[in-house]
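Enquirer: Next one to model:
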Amino acid sequence: MFGLKILKVVGKSMEPIIPENSYVLISSKYKYKSKSIFIFVHNVYGKLIKRLKLKDHDGNLWFEGENPNSVSSENIGSINKSSVIGRICLVITKKRIFLVWRFLTAIFNHFPVDFYTL
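Expert: Below is the predicted model:
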């Protein structure tokens, strides 16, 4: 309905930006901006999450990983736009959830809030 999906990340190719076992929120509404992170289907590697490196003169997309041990851009090759599932718009990790919870707890402890009036 909103064009959003949540998927669990398997693999370390995007660490430290996207740690293994984290979750990503994927938007199906996006523009192809360089350095944005996308998920797409590769005919050999399956679903991959990579950063958009460039869009070539034929309109094909070239991606790269964050981790030096990631599959190289050359091995991935050019990706057709029809293979793109969506753009990563949020990364959820245990550490980030913990930090958000600590922040919210500190705010609510400092400024008591009546949850019924929110």
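Enquirer: What is the neighbour count of Phe38?
Expert: 23 (other Cβ atoms under 10 Å). For every residue, glycine as well, the C-beta is placed using N, CA and C.
Enquirer: same for the helix or strand encompassing it, what does it pack against?
Expert: For Phe38, the enclosing helix or strand under DSSP states H and E is strand 37-42. Under the contact criterion of 3 or more Cβ pairs under 8 Å, 6 or more residues apart in numbering; DSSP states H and E, strand 37-42 touches strand 46-55, strand 61-64, strand 84-92.
Enquirer: Now render these as JSON lines, adding mean pLDDT.
Expert: As requested, the helices and strands packed on strand 37-42 are exported to JSON lines (pLDDT from 0 to 100):
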{"stretch": "strand 46-55", "mean pLDDT": "96"}
{"stretch": "strand 61-64", "mean pLDDT": "97"}
{"stretch": "strand 84-92", "mean pLDDT": "90"}
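Enquirer: Those strands: which one's closest to Tyr30?
Expert: Of all the helices and strands packed on strand 37-42, it is strand 84-92 that lies closest to Tyr30, at 3.8 Å by Cβ to Cβ.
Enquirer: pLDDT below threshold where in the protein?
Expert: Low-confidence segments of the chain, defined by pLDDT under 70: 1-2, 97-118.
Enquirer: centroid residue for the chain?
Expert: Ile88 (3.2 Å; Cα atoms, centre = their mean).
Enquirer: Validate this expectation: Arg96 resides in a helix.
Expert: Yes: the assignment for Arg96, made by DSSP: H, G, I helix; E, B strand; the rest coil, places it in a helix.
Enquirer: Would you mind measuring from it to Ser22?
Expert: Look at Arg96 and Ser22: by Cβ to Cβ, to the nearest Å, they are 8 Å apart.
Enquirer: Neighbour count for those two, which is higher?
Expert: Shown here are Arg96 and Ser22; by other Cβ under 10 Å, Ser22 has more neighbours (19 against 13).
Enquirer: This completes my enquiry, with thanks.
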